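J.: Fold the following, please.
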Amino acid sequence: MLNPKQLSWRLFGSVVAVMVLVFGALISSWLGMNAEENGKQAVFEASSLARDALEAKALAAELTSAQSVYALDVLREAPSPNREAYLRVLVQLRERLAAFDEAVLPPDEQALLRSARRAIERFQKLDTEIEATVRRGARADKLEAAEYIVDAANAQALHASEMVRALSELVIRRAAEASEAASIASYQARVLLIAFGGSSLLLALILARVLTESMGKRADLMQRLEQLARVDGLTGVPNRRVWDEELARGLERARRSGTVCTVGLIDLDHFKRYNDTFGHPEGDALLKAVAQLLAGQVRAGDLVARYGGEEFAVLLHDCDAGRAHRLFARLHESIPSGQTFSAGVTDTDGKEEDHVVVARADEALYRAKGAGRNRTEVVSHLEASRAIAA
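T.: Next up is the predicted model:
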């Protein structure tokens, strides 16, 4: 039987043990909540930068595409609204990169950002020289300008695009790492809290609830980050990145199965005029409505993606150009707000490179615009092959 002195020491030891457990639970709770808060802040900041980087990446890709179209227009000696288009994209790209000025970037991201800006500055200087050559008016000057675009300016645009792409990948990776670090810190804090269980069970339950809620929020942030990387934020349809991936898969599928698939490029007619007349909010609403209409008209498994600006791209599996043309004829009658569109359609057996197929669809789109807009022009891969053979 314990004497009073022994009992006193036993009670004192129990009290001290309970106090240590409670203190440990409080410390682990504080560490977990602090780590979670820091992690959330890091993920939020990185996610915001990732969104800016992805938008800059899309603009850089759009810049190189628009520049190629401008070079083609110079060779054809045709009036080109594409110069204004890619200069507008250039301004938007510079503005998007300016968002990084207020962020604290690691040295490797700073180096990519500086390299991209230098390439953009060289590109703009070259563009001024090219435009001066074009304005001289002679056919030789225009040929020289087109070659200069392809050989010099395009290289700078591609370099800027590559730097922005690498920057976006680093920022997205950093966001994922921040989320993973927050997850690990929260997990370690929870393990500590369980180890200090027993007398501090109530604190453990409270902290577990807090951690569960915060993990759910972090999972939601990660899901939103993934969505930003694959879905166009305005229209809700897949973005250019998904289009590039799925087009390659679609061509491989056609090549393996011995079928044809169809690629269509859609451009809303006079969209700038619509924006100027009704305002950008109404223009955004029209883009959303058109995107949802297109997505609702294709089959499950086919793809509608925002190609850039007011352009959409459509990939139809196991479908030739004739069937696609009938689909597009129905679409011409369905666009809301009296809006019209021009489209270029081509099919392929999958044995061509993806850029060749897209270029043929783009050429058909250019023909549709040249023929008065509000129409769909079709070029089948067989027709293109016969033209090359001739």
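J.: From here on, just use CA atoms for contacts and neighbour counts.
T.: Noted.
J.: got the contact list for stretch 98-117?
T.: For stretch 98-117, the surrounding residues in contact (C-alpha atoms under 8 Å, 6 or more residues apart in numbering) are 49, 52, 94, 97, 159-161, 163-164, 166-167, 170-171.
J.: As CSV, these with distance to residue 363 and neighbour count would be great.
T.: Converted to CSV, those look like this (distance: C-alpha to C-alpha, whole Å; neighbours: other C-alpha atoms under 10 Å):
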residue, distance to residue 363, neighbour count
49, 36, 22
52, 31, 21
94, 29, 17
97, 32, 20
159, 25, 20
160, 26, 29
161, 24, 24
163, 29, 23
164, 28, 29
166, 30, 18
167, 32, 24
170, 35, 18
171, 36, 23
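J.: If I look at residue 288, what pLDDT would I see?
T.: Note on residue 288: pLDDT of 95.
J.: meant to ask about residue 383
T.: 76.
J.: again with residue 128
T.: Reported pLDDT for residue 128: 76.
J.: buried set for stretch 166-185?
T.: For stretch 166-185, burial by neighbour count (16 or more other C-alpha atoms under 10 Å) applies to 166-172, 174-185.
J.: Keep only those of these that are in helices.
T.: 166-172, 174-185 (DSSP state H).
J.: Is residue 352 in a helix, a strand, or coil?
T.: Under DSSP: H, G, I helix; E, B strand; the rest coil, the three-state class of residue 352 is coil.
J.: neighbours of it, just the number please.
T.: Around residue 352 there are 13 other residues, counting by other C-alpha atoms under 10 Å.
J.: for the residue nearest to it when sequence neighbours are not counted, what are its contacts?
T.: Distances taken as C-alpha to C-alpha, 6 or more residues apart in numbering place residue 251 nearest to residue 352, at 7.9 Å, with adjacent residues excluded. Residues counted as contacts of residue 251 (C-alpha under 8 Å, 6+ apart) are 261, 348, 349, 350, 351, 352, 354.
J.: Same check on residue 379?
T.: Residue 379 neighbours (C-alpha under 8 Å, 6+ apart): 321, 344, 345, 346, 347, 360, 361, 364.
J.: Give me the pLDDT value at the last one.
T.: The one in question is residue 364. At residue 364, pLDDT is 95.
J.: That one reaches residue 347, doesn't it?
T.: No - shown here, residue 364 and residue 347 do not form a contact pair, counting by C-alpha atoms under 8 Å, at 11.5 Å.
J.: Give me the more crowded residue out of these two.
T.: Each of residue 364 and residue 347 has its neighbours counted (other C-alpha under 10 Å); residue 347 has more, 28 against 24.
J.: Which strands and helices lie in contact with the helix or strand harbouring that one?
T.: Assigned by DSSP states H and E, residue 347 belongs to strand 341-348. With contacts defined as 3 or more C-alpha pairs under 8 Å, 6 or more residues apart in numbering; DSSP states H and E, the packing partners of strand 341-348 are strand 261-268, helix 321-332, helix 354-370, strand 376-379, helix 381-389.
J.: Looking at the ones you listed, which one is packed in the most?
T.: strand 261-268 (a mean of 26; mean count of other C-alpha atoms under 10 Å).
J.: All set, thanks.
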